[in-house]
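Novice: With the sequence up front, the predicted model follows.
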Amino acid sequence: PAAALAVALLGTACGGDGASDVPDVASFEVTQRDLRVTISEKAALKAKNQILIRPQIPGQAKILSIIDEGSQVKEGDVLAELDATDLQKEIEDLRNRIIQLSGDVTAAESELSIQLSQNEADIEDAQRKLRFAKVELERYLQGEFVQEKTKRETRVQEAKSTRERAERKYEQMPALLEEGFVTTEQVEEERINLVKAKSDLELAELDLSTYLKYTAPKDTAQKEADVRNAELEVDRTVQRCAAREAQKRAGLDRQRSELDNVRARLEEQTAVLANMVIRAPGPGIVIYGNASRPWDDREIAVGENVFAKQAFLTLPNLAEMQAVLAVHEADIARVAVGQPCFVRVETARGQSLEGAVSRVALVPQSQDRRWGDGVKRFEVEVSLDGDLSALELKPGLTAHVEILVEQLKGVLAVPAQAVFAERGKYWVFLQGAAGFKRREVKIKPGNTQFVVITEGLAAGDRVALYNPERAADSGGGALPGAGGGASEGDNGKP
């Protein structure tokens, strides 16, 4: 025990066994004892279960108000309010834009409806003109052509008949003139009538020939061309109508798409606006910042900015706590889940808490970010046992953790400062009748205060707690401090 060790040290320093030839040197009596081998590290407390509050917003926003740190809250309580001035203006602009776009969509729908009606009328008109062209061709071929041809053929027949009558009558004129029935003037008149009849026949035949050879084919070709042009116009009209309809539909789709996008944006920003008032998702005590990252020193206060997904508040469940520590790579192999631990927190009124290792990290922490000394450290979590509600523990508090690695029973042990290394060997100064003399020993690791002696000493031997040769060389004899004493639990009791 530490008290017995202190008494032994003081008694030895004041004269030891009373022999006058033994210098006053602080010494320690070698005994068999139980040692508790531990790994000690500083740690930070952390709630085993906690809710990280992250603003569900894009970008960043300024804090307008925030609840006091340490406040006890229940589900639904307001934790913070973020500045939504720009967001509210954007929402108002979006609503006005929706009104405008709704009007544009209605206008585009009307224009499409008008275009569809116009397309229907244009196609019907083109088809009607095609029908008319076909009827006109049929009317010409079966009516006008036949009629005009028959009319000209009839005129030819009439002209032939007139010529024949004029020829017969003119042939009778000489005989009638001899007999005195007609005059010379009448004979000349009949001759002129014959010439005229022949001329009329030639003109009638020429008119029929010209009609059949030129006029009728030209009119037929024109009527057929009108039909072909009308057919092409129907196709062109259908294509023009389809293009105009597609253009109107594209404009309508564009307006509808823009309206849908603005509505979606409004819905999204309205949800963001609701998230500008941050409420507690469950009960807990308010801790500023991310309790899992106590080194994150970003200020949380009114007027400061918070960012999307930044854990700027923590609601820990203080009923279950754990200590998180970083264990040096040289010691991590000796740490295992389930090992008992002893935790001391300054605010726990000097009470030592018990716990156990609950997790050992498989990979080291980022040394450059956390420590910067080039040494790898592994994160270890220690769950605390018992009822913690009365201890007022909070995340982020500093704790001192001892992980019980091994219990050594009935070993010979001396304080660590009693053993000296020189040229690869270990030595102690053993007290004898003539004073202290060097004695080589063999050791194995004990704990932070005691070294286990495997060879060179026996129970009851007394060894110096410092090197008396160096003290003599410096004219000393002064006693070292009592910092090498054993801690509570060195007798093996946790």
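Specialist: Yep, that arrived. These numbers were taken from a predicted model, which means no experiment stands behind them.
Novice: pLDDT weak spots in the chain?
Specialist: Within the chain, the stretches with pLDDT under 70 are 1-24, 292, 294-295, 348-350, 367-373, 471-494.
Novice: Count the neighbours of Tyr466 for me.
Specialist: Using other C-beta atoms under 10 Å, Tyr466 has 19 other residues around it. (Glycine included, C-beta is placed from N, CA and C.)
Novice: Might you report the residue contacts of Phe420?
Specialist: Tyr426, Trp427, Val428, Asn467 (C-beta atoms under 8 Å, 6 or more residues apart in numbering).
Novice: and the first one, helix, strand or coil?
Specialist: It refers to Tyr426. strand (DSSP: H, G, I helix; E, B strand; the rest coil).
Novice: buried ones in stretch 80-92?
Specialist: Ala80, Glu81, Leu82, Asp83, Ala84, Leu87, Glu90, Ile91 (16 or more other C-beta atoms under 10 Å).
Novice: before we move on, the earlier item: closest one to Ala413 out of the contacts of Phe420, please.
Specialist: Val428 (11.9 Å; C-beta to C-beta).
Novice: which helices and strands sit right next to the one helix or strand Ala159 maps to?
Specialist: In this assignment (DSSP states H and E), Ala159 forms part of helix 145-178. On a contact count with 3 or more C-beta pairs under 8 Å, 6 or more residues apart in numbering; DSSP states H and E, helix 145-178 meets helix 184-210, helix 216-275.
Novice: again, only this time at 6 Å
Specialist: When contacts are defined as 3 or more C-beta pairs under 6 Å, 6 or more residues apart in numbering; DSSP states H and E, helix 145-178 sits against helix 184-210.
Novice: from the chain's centre, how far out does the helix it packs on sit?
Specialist: 106 Å (C-alpha atoms, centre = their mean, to the nearest Å).
Novice: all helices for the stretch 1-150 of the chain, in order.
Specialist: 2-13, 85-139, 145-178 (DSSP state H, counting those that start in this stretch).
Novice: Which residues belonging to the helix holding Ala159 are considered buried?
Specialist: Here helix 145-178 shows Phe145, Glu148, Arg152, Arg155, Val156, Ala159, Lys160, Thr162, Arg163, Ala166, Tyr170, Met173 as buried, counting by 16+ other C-beta under 10 Å.
Novice: circling back to that earlier point, so which of the helices of the stretch 1-150 of the chain comes closest to Arg254?
Specialist: Once the helices of the stretch 1-150 of the chain are compared by C-beta to C-beta, helix 85-139 is nearest, at 8.3 Å.
Novice: What angle do helix 216-275 and the helix holding Ala159 make with each other?
Specialist: Angle of helix 145-178 versus helix 216-275, following axes from the mean of the first three to the mean of the last three C-alpha atoms, to 10 degrees, is 160 degrees.
Novice: thinking again about what came up before, mind putting the buried residues of stretch 80-92 in JSON lines, distance to Gly338 included?
Specialist: Conversion of these to JSON lines gives the following (distance: C-beta to C-beta, whole Å):
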{"residue": "Ala80", "distance to Gly338": "40"}
{"residue": "Glu81", "distance to Gly338": "46"}
{"residue": "Leu82", "distance to Gly338": "45"}
{"residue": "Asp83", "distance to Gly338": "50"}
{"residue": "Ala84", "distance to Gly338": "50"}
{"residue": "Leu87", "distance to Gly338": "51"}
{"residue": "Glu90", "distance to Gly338": "55"}
{"residue": "Ile91", "distance to Gly338": "55"}
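Novice: so which of the residues you listed would you say is closest to Ala336?
Specialist: Ala80 (42.0 Å).
Novice: wait, isn't the closest one in contact with Asp68?
Specialist: No: using C-beta atoms under 6 Å, Ala80 is not in contact with Asp68, being 11.1 Å away.
Novice: Which positions in stretch 269-289 come out as buried?
Specialist: Buried-residue list, stretch 269-289, by 16+ other C-beta under 10 Å: 269, 272-273, 275-276, 278, 280, 284-289.
Novice: And for stretch 430-444?
Specialist: Leu430, Gln431, Phe436, Arg439, Val441, Ile443.
Novice: same deal with stretch 308-320?
Specialist: Buried residues in stretch 308-320 (16+ other C-beta under 10 Å): Gln310, Ala311, Phe312, Leu313, Thr314, Leu315, Pro316, Leu318.
Novice: for these, which one is nearest Val335?
Specialist: Nearest member of the buried residues of stretch 308-320 to Val335, counting by C-beta to C-beta, is Pro316, at 24.9 Å.
Novice: Is that closest one bridged to anything, and to what?
Specialist: Here Pro316 sits in beta bridges with Gln50, going by DSSP bridges.
Novice: and if you look at Glu379?
Specialist: Applying DSSP bridges, one finds that Glu379 bridges with Ala326.
Novice: swap in Leu412?
Specialist: Leu412 has these beta-bridge partners by DSSP bridges: Gln32.
Novice: tell me, how many neighbours does it end up with?
Specialist: 21.
Novice: Settle this for me: it is touching Glu455, isn't it.
Specialist: No: using C-beta under 6 Å as the test, Leu412 is too far from Glu455 to be in contact (9.5 Å).
Novice: quick one: Val419 and Lys425 touch, right?
Specialist: No: between Val419 and Lys425 there is no contact under C-beta under 6 Å: 10.6 Å.
Novice: more crowded one of the two?
Specialist: Neighbours per residue, other C-beta under 10 Å: of Val419 and Lys425, the larger number sits with Val419, 17 against 10.
Novice: closest to Ile332 among the buried residues of stretch 430-444?
Specialist: Comparing every one of the buried residues of stretch 430-444 with Ile332 (C-beta to C-beta), the shortest separation belongs to Ile443, at 23.1 Å.
Novice: so what's Glu111 up against?
Specialist: Going by C-beta atoms under 6 Å, 6 or more residues apart in numbering, Glu111 touches Lys248.
Novice: Distance-wise, check it relative to Ile99.
Specialist: Here Glu111 is placed at a distance of 19 Å from Ile99 (C-beta to C-beta, to the nearest Å).
Novice: just Leu313 next, same as before
Specialist: As judged by C-beta to C-beta, Leu313 and Ile99 stand 39 Å apart.
Novice: can I assume Asn119 is in contact with Cys241?
Specialist: Yes: taking contacts as C-beta under 6 Å, Asn119 lies within contact range of Cys241: 3.5 Å.
Novice: In space, what's closest to Gln127 - neighbours in sequence excluded?
Specialist: Val234 (5.7 Å; C-beta to C-beta, 6 or more residues apart in numbering).
Novice: Count the neighbours of that neighbour for me.
Specialist: Val234 has 19 nearby residues by other C-beta under 10 Å.
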